[in-house]
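Peer 1: need a structure here:
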Amino acid sequence: MQKFMSRKFLLSAAAFLAAFFTGVAGVFPPEWCAVGMALSAGIYAASEAYVDGQAAKSTQTISTTSVTATSTSQKVVEKALAPEKEGE
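Peer 2: The predicted model follows:
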C-alpha cells in the first residue's frame, strides 16, 4: 500500500489520467495520448528501478579483520584467518 501513496506513483497516475482524459475530450489526437500514457508508466518503472538500485547499493556491508601476531603465535594466526565452518 505504501508504494501506491508514493509521490512517484501519484505523479505517474496523474500523468496517465491526464493523457487519457485529454484523448477522451479530443484535445489531442488519440495516438499522442496513448504515447503519453505509455511514457508515464515507463518513466515510473524506470524511476522505481533507479531508486531500488541506489538503495541496494547503499545497504552493502563490508567487514574487515585485523590481526596482530608475533612470530611465536603462527598457529593462533592461522586459526584466526581460517574460514569459519558451520556448527563450530
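
Peer 1: Every contact and neighbour count from this point should use C-alpha atoms.
Peer 2: Will do.

Peer 1: pLDDT wise, what is the spatially most central residue of the chain at?
Peer 2: Computing the C-alpha centroid of the chain and ranking residues by Cα atoms, centre = their mean puts Asp52 first, at 0.8 Å. The model reports Asp52 with a pLDDT of 82.

Peer 1: which SSE is it in?
Peer 2: helix 30-58 (DSSP states H and E).

Peer 1: Counting by contacts, list what that helix packs against.
Peer 2: On a contact count with 3 or more Cα pairs under 8 Å, 6 or more residues apart in numbering; DSSP states H and E, helix 30-58 meets helix 7-25.

Peer 1: what's the helix it packs on in contact with?
Peer 2: 3-4, 28-30, 33-34, 36-38, 40-41, 43-44, 47 (Cα atoms under 8 Å, 6 or more residues apart in numbering).

Peer 1: Buried only: go through those for me.
Peer 2: Taking 16 or more other Cα atoms under 10 Å as the criterion, what is buried in those is 30, 33, 36-37, 40, 44.
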